[in-house]
Each structure stands twice: as C-alpha cells, then as structure tokens.
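1. need a structure here:
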Amino acid sequence: VSAGRLRGRVRVFAGWPGLRVRPVPAGAFGARPRGRVRPVPAGAGASGARVLGRMRAVYRLDDRGQAAVEFVGTLPVILVTLALLWQAALIGYTFSLAGNAADKAARAGAVAGAAACGAAAREDLPDAWQSADIACQDDGDLFRVSVDLPVPILFPGAVNFPFTVPADAAAPMEDPS
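-> Numbering: from 1, shown residues only. Have a look, this model is predicted:
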C-alpha cells in the first residue's frame, strides 16, 4: 500500500508505471483498489506492450465469477451423488418391504393356510411393488414363504432393475382347534 502515490483522487502504483485504477473513495486509501485497470494516456512513459502485459497480470488476479464457474462444474457431481444416495435408500426400503411382506405372509399362512398367504403379503406393499413374486408352501410343521420384490430405478413404478430383492420367512403351523 505504501508503494502507491496519490495524484488527485486516482491512485497510481509506483511498481506498475502506466497503470491506474478508478477513483478510490475518501478514507479507503489503505484498502485494495477496486475497479478495472486502465492504461494511462499516451505519453505517460510506459510502452504499450508493457502496459498490456501488466494489465493481463492484474486481470488474472481478478476472481469475479469464479464461484459461478465452480458451481457449474460441481453441480453434476452433486446431482449424481444425490441420485446414488436416493437409489441406495430405495434398495434399502425394498429390502425392508420384502422382509415385512414375508413375515406377514408366513404368519397368515401358519394361521389360515395358503389362501391367506398371498393376500397378506401384498396387503402393505405400495403400488410400485405389487408385482412381487410370492411363493407359499406348507412344509410339515413350518409354513415357509419366499418373496421377491423388484427394485425400482430412481422412481418407484417407472422402471425396475433386472434383479429382485429376496426375503424368506417361516412360522410354525398353528392348530386351528
């Protein structure tokens, strides 16, 4: 800051002959100068190439708009990360739904038989997961159920992955008497 001299209200830098900045408000002479750097009129003692080189150096230090450029550059990374997190949540939710449907179906099948098994499994499933494959079987003293739910891609009900989430459950048979 001490390298600058004051000529009127325009700061001229001793280290950069031929360059000046817009007028600096009173009382702000210790602050960083603001505004565009403009060459001093011809005949001020600096060659044109030298002034142009110094202007480029000063413009490289200017970071106006940098935040917008960085935001545009990182926005796709942020959106892809959010989509992956959402997809992971959907897969976890599908596992939870499959396990719950298998447990309810096994309990209903152990009490009321195979007819109630499929209805109990689909009872609490949301519409996007109604296409589940449910297999109910009486296995002696146990009633076994296998549920396979489709895994949606980003939006439930639109498109599903080619794989399913399996869940198995068993409940001891109950005597109806």
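
2. So, low pLDDT: which residues of the chain?
-> Residue ranges of the chain with pLDDT under 70: 1-62, 176-177.

3. one more time with 80, if that's ok
-> For the chain, the stretches with pLDDT under 80 are 1-63, 175-177.

4. Show me the strands in it, by range?
-> Assigned strands in the chain, in chain order: 4-7, 10-13, 19-20, 38-39, 133-139, 142-152, 160-172 (criterion: DSSP state E).

5. all helices of this protein, in order?
-> Listed in chain order, the helices of the chain (DSSP state H) span 48-61, 66-112, 114-123.

6. so which of those helices gets nearest Thr164?
-> Proximity to Thr164 (CB to CB) singles out helix 66-112 among those, at 8.5 Å. Heads up, the C-betas are built off the backbone N, CA and C, glycines and all.

7. Can you tell me which of the helices of the chain is most buried?
-> helix 114-123 (a mean of 18; mean count of other CB atoms under 10 Å).

8. That one versus helix 66-112: what angle between them?
-> 160 degrees (axes from the mean of the first three to the mean of the last three CA atoms, to 10 degrees).

9. which strands and helices sit next to helix 114-123?
-> Identification of packing neighbours for helix 114-123 by 3 or more CB pairs under 8 Å, 6 or more residues apart in numbering; DSSP states H and E yields helix 66-112, strand 133-139, strand 142-152.

10. how about Trp86, what does it touch?
-> By CB atoms under 8 Å, 6 or more residues apart in numbering, the contact set of Trp86 is Leu154.

11. quick revisit: so which of the strands of the chain comes closest to Arg107?
-> strand 160-172 (5.2 Å).

12. what does that closest one rub up against?
-> Contact partners of strand 160-172, identified using CB under 8 Å, 6+ apart, comprise 91, 94-95, 98-99, 101-103, 105-107, 109-110, 133, 139, 141-153.

13. Using TSV, please lay out the helices and strands packed on helix 114-123 together with distance to Ala158.
-> Output for the helices and strands packed on helix 114-123, formatted as TSV (distance: least, CB to CB, whole Å):
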stretch	distance to Ala158
helix 66-112	11
strand 133-139	20
strand 142-152	7
